[in-house]
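>>> show me how the following folds:
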Amino acid sequence: MTRSDWGERLFVALQYLLPQRLLSELMHRLSRLRWRPLRRLLIHGFARQYDIDMQQAAEPDLDAYPHFNAFFTRALRAEARPLDPDPRALLCPVDGAISQIGRIEDGRLIQAKGQDYAVDTLLGLDPGAPHPFEGGHFVTIYLSPRDYHRIHMPLTGRLLEMTHVPGALFSVNAATANRVPGLFARNERLVTRFETTAGELAQVLVGAIFVGGIETVWSGVVTPPHRLGPPNRLDYREAAPVELARGAEMGRFNLGSTVVVLLPRGRLDWETGLAPGQTVRLGQRLGTLAD
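Model prediction:
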C-alpha cells in the first residue's frame with residue numbers, strides 16, 4: 001500500500017470520528033461574522049490562497065463584502081459566463097470538475113471506480129420506488145473551494161417537488177468518493193425535480209462537511225440546521241408555479257460541494273470527450289437534447 005493510500009484512509013477515517021454537524025454549523029456562523037479584522041483576514045487570505053480572479057465578480061472589491069459568506073457566494077458579471085445559445089443544449093449548471101458522467105444502469109449511478117449507489121436512495125425515495133431515470137443519463141460535478149458557488153438551471157423548468165434528505169456530512173472530494181460507500185446518497189442533500197422539454201430533470205445539491213448552508217431562490221435557506229430524521233418532501237405541483245429559465249440561478253452552496261444532474265432515458269446525447277476530472281464551467285454545453 002502506497003503512502004497516498006494510507007493518507008486517504010486516514011483522512012476518511014478521521015471524518016467518521018469528527019462531529020460533522022457541529023463543525024458545519026460553527027462554519028456557518030464563522031462565515032457570517034461581520035467583525036472587520038476577521039472578515040478581512042478570511043476574505044483576503046482565501047482570495048490569495050486560491051488565486052481568485054475578482055475581475056469576473058460583479059463586485060471586484062474584496063472589502064465591499066459584509067462577511068465571508070457574501071464573498072464566497074459572490075455574483076459574477078453577466079458576461080463572465082456566456083450561455084450556449086442553442087436551446088437544445090443542456091447547460092452546465094456550475095463551475096467545477098466532472099466526477100462521473102454516463103448512463104444509469106440497473107438503478108445505479110457510478111460514484112468512483114468500484115463504487116456505485118442507488119438512484120432511489122439519492123432521491124430520498126423508498127427502495128424500489130418508481131422514478132423516471134432508469135436507463136437515463138447523469139453527471140456529477142464537484143465544486144472546489146475556489147469555484148463559483150451559485151447553482152443554475154441546465155434547462156428551463158417548472159418545479160415539481162423539493163426534498164430535503166438529512167444525512168451525514170462527509171467531504172465530497174475524490175479521496176472520500178473513492179472510499180466511502182454510497183457517499184452522495186449518504187450525505188445530507190437537497191433534491192429538486194423539474195418538468196422540462198427533456199422530460200423530468202432532477203438536480204441534487206449534495207452537502208458536505210463545512211458546507212454551512214444550502215439555499216434555493218424560491219424557499220431561501222434550507223440548511224442549517226443539519227437535522228436528523230426522514231426526508232422532508234414539499235410538492236409544488238398545486239402551488240403557485242416556480243418556473244426558472246435555462247441559465248437562471250436556482251440555489252447556492254456555502255463552501256465546496258457537489259451537484260448531480262439526472263435525465264430520463266433517450267433524452268440526451270453527451271458531448272464527445274467529457275470525462276471524469278475534466279474542468280467545466282457554468283453555461284457550457286454538456287450535451288444535446290435528443291430529437
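>>> in the protein, what helix or strand scores lowest on average pLDDT?
helix 3-17 (a mean of 76; mean pLDDT, DSSP states H and E).
>>> show residues contacting that helix.
Helix 3-17 has contacts (CB atoms under 8 Å, 6 or more residues apart in numbering) with Phe170, Ser171, Ala175, Thr176, Asn178, Arg179, Val180, Ile209. Glycine gets a C-beta too; all of them are placed from N, C-alpha and C.
>>> which pair of the residues you listed spans the longest distance?
The distance between the two most remote of the contacts of helix 3-17 (CB to CB) is 16.3 Å, for Asn178 and Ile209.
>>> more neighbours: which of the two?
Ile209 (23 against 16; other CB atoms under 10 Å).
>>> so what's the residue count around the closest residue to that one other than its chain neighbours?
Leaving out its chain neighbours, the residue that sits closest to Ile209 by CB to CB, 6 or more residues apart in numbering is Leu169, at 4.6 Å. By other CB under 10 Å, the residues close to Leu169 number 26.
>>> could you do Leu160 as well?
Leu160 - counted by other CB under 10 Å - has 16 other residues nearby.
>>> would you agree it is in contact with Arg237?
Yes: Leu160 lies in contact with Arg237 (CB atoms under 8 Å); the separation is 5.8 Å.
>>> which residues do those two both contact?
Shared contacts of Leu160 and Arg237 (CB under 8 Å, 6+ apart): none.
>>> pick the one among the contacts of helix 3-17 closest to Pro127.
Val180 (19.8 Å).
>>> got the phi/psi numbers for the closest residue to that closest one other than its chain neighbours?
Nearest residue to Val180 in three dimensions, chain neighbours excluded: Phe170, at 5.4 Å (CB to CB, 6+ apart). As for Phe170, its main-chain torsions (degrees, to the nearest 10) stand at phi -70, psi 160.
>>> where in the chain is pLDDT low?
Residues of the chain that meet the criterion pLDDT under 70 lie in 1-4, 212, 256.
>>> helix, strand, or coil at the spatially most central residue of it?
The residue lying closest to the centre of the chain (CA atoms, centre = their mean) is Val259, at 2.7 Å. Look at Val259: counting by DSSP: H, G, I helix; E, B strand; the rest coil, its state is strand.
>>> residues contacting it?
By CB under 8 Å, 6+ apart, the contact list for Val259 reads Pro93, Val94, Gly96, Thr140, Ile141, Leu143, Ile151, Gln203, Val204, Leu205, Val206.
>>> the last one pairs with what?
In this entry, Val206 is beta-bridged to Arg189, Thr258, by DSSP bridges.
>>> list the contacts for it?
Contacts of Val206 by CB under 8 Å, 6+ apart are Val172, Phe184, Asn187, Glu188, Arg189, Ser257, Thr258, Val259, Val260.
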